[in-house]
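# sharing a model prediction with you, sequence too.
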Amino acid sequence: MNDMPRKRIAVSVTALVLAIGAAMAACDGQEGHPLSARPYDAARQVAVNAPTGNAKANLDKPLEVTAKGKDGRITDVTAVDSAGRYLAGELAADGSIWRSTGPLLAGTRYTVKVSTEDENGAPGIRIRTFDTAAAKKVMKVELGPKSGTYGVGQPLTAELGAPVKSKDARAAVERSLKVTSMPPVDGAWHWVDDKKLHFRPKEYWPVGATVQVRSTLEGVKVGDKLYGGPAEPVELTIGDRIEAITDAGSHRMTVKRNGKVINTIPVTTGKPGFSTRNGVKVVLGKEYFVRMRGTSIGIPAGSSESYDLPVYYATRVTWSGEYVHAAPWSVGSQGNDNVSHGCTGMSTSNAAWFFNTVRQGDIVEVVNSLGSGMDPFGNGFGDWNIAWDDWRDGSALLDGTRGGGRVEAARLRPQV
């Protein structure tokens, strides 16, 4: 009696093995399932409105793929350019036609892969390549700054060779400007004006970060018959976090490296009528020697405010002439009074130390001055004086270039 159940189990297992084998045989194509067939050449089944031979595709016409007759339908279409960018498109629900919804890129080669199926469900494939016409109007694109090592405050820049005004065109430009950072950061582009964009993270760049910016704008339509041109990529390495905070009220500059105070320097800043601008500035460059003349900033020669001085260890923070520099003639006032024409002056030894410590992109902030605030743009990099939400509002991809991308004109006051 005990042997009977075991026999039943053995028979059941054998039946199960046979069932699995039959299923596998059906799936391996031996039963002629349509999906198991090698895709047939669908050249006679579909038509592509792209030119052949040396002819170039019209940039103003969409790419179309249509099914011929009623014996099959289109199941999928991909169109990829030579740089790996996909052309957006829509496929009709009945598989009769696919039409591009994005613009063709200028001066490139597309590979179009069309997948079909016939009335029996067998798969077909059609591959076509074609070239697009060259752009008649090409917009220059220049990325900045130059590749190198910078401080944590350095913005990225993109200069365009033609004005871009519409929101859609600006969005196309932003999508083509690729910024990568290791470690990753939250950042955004901001339209300074119709021809210039700046990119900055929400907070200062992380110490030791590697930042890359490149453009895929070449061939992209940005206006009436206007297409983007090539651009050289840029790679930045971010150095230590150097911050110099100048308190115009206490006449002291505190210099920090990665949050730790490394020096406190007695200084003098702008006197009444020439007060130093408050706010965050970014080091623009360093000049060992500069000849500073009052006439260059509108002070009449021979007047009581006139000067003509050799200046050493000059670290520039605005284009209008504000520097941190050696001022041996005012050592007696440094740490006590503000007597300059807007620059931050210090002893020669302190200025040499500062000059050798900072690099382009480092932060120089002025507080408690009687002067106005640092302009966001036009007189250096005042980008960090804009609140993050307002910065994002200057992006066509985020909140939409509030104010049409207009920028307040820089107030260039005498600063020496």
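Received, thanks.

# part of a helix, is Ser395?
No: read with DSSP: H, G, I helix; E, B strand; the rest coil, Ser395 is coil and lies in no helix.

# hang on, isn't it packed against His198?
No: applying CB atoms under 8 Å, one finds Ser395 not in contact with His198, separated by 10.5 Å. For the C-beta atoms, the positions are set from N, CA and C on the backbone; glycine is no exception.

# which neighbours do those two share?
Both Ser395 and His198 are contacted by Trp189, His190, under the criterion CB atoms under 8 Å, 6 or more residues apart in numbering.

# give me the contact list for the strand or helix carrying Val138.
Assigned by DSSP states H and E, Val138 falls within strand 137-139. The contact list for strand 137-139, computed with CB under 8 Å, 6+ apart, reads Leu160, Gly161, Ala162, Val164, Leu217, Val222, Gly223, Lys225, Leu226, Tyr227, Gly228, Gly229.

# so what's the fifth one up against?
In this structure, Leu217 makes contact with Met139, Val141, Val173, Ser176, Leu177, Gly228, Gly229, Ala231, judged by CB under 8 Å, 6+ apart.

# 7 Å instead?
When the contact criterion is CB atoms under 7 Å, 6 or more residues apart in numbering, the partners of Leu217 are Val141, Val173, Ser176, Gly228, Ala231.

# give me the neighbour count for the third one.
Counted with other CB atoms under 10 Å, the neighbours of Ser176 add up to 20.

# so how far is Met182 from the residue nearest to it when sequence neighbours are not counted?
Nearest non-adjacent residue to Ser176, counting by CB to CB, 6 or more residues apart in numbering: Leu217, 3.9 Å away. Separation of Leu217 from Met182 (CB to CB, to the nearest Å): 23 Å.

# just Thr101 next, same as before
Distance from Thr101 to Met182, by CB to CB: 34 Å.

# likewise for Thr269?
38 Å.

# the two: who's more crowded?
For Thr269 versus Met182, the count of surrounding residues by other CB under 10 Å is larger for Thr269: 31 against 11.

# show me where pLDDT drops low in the chain?
In the predicted model of the chain, residues 1-37, 399-416 satisfy pLDDT under 70.

# got the contact list for Trp388?
Lys202.

# compute the distance between it and Val282, please.
From Trp388 to Val282 the distance is 17 Å (CB to CB).

# quick one: contacts for Ile127?
Applying CB under 7 Å, 6+ apart, the residues near Ile127 are Thr111, Val112, Lys113.

# and Thr129, by the same measure?
Contact analysis of Thr129 by CB under 7 Å, 6+ apart lists Arg109, Tyr110, Thr111.

# isn't the second one right up against Phe130?
Yes: in this structure, Tyr110 is within contact of Phe130 by CB atoms under 7 Å, at 5.8 Å.

# anything in contact with each of the two?
With CB under 7 Å, 6+ apart, Tyr110 and Phe130 have no common neighbours.

# before we move on, back to that, now restrict the contacts of Ile127 to buried residues only.
Val112 (16 or more other CB atoms under 10 Å).

# for the contacts of Ile127, which one is nearest Glu64?
Val112 (10.5 Å; CB to CB).

# all good on my end, thank you.
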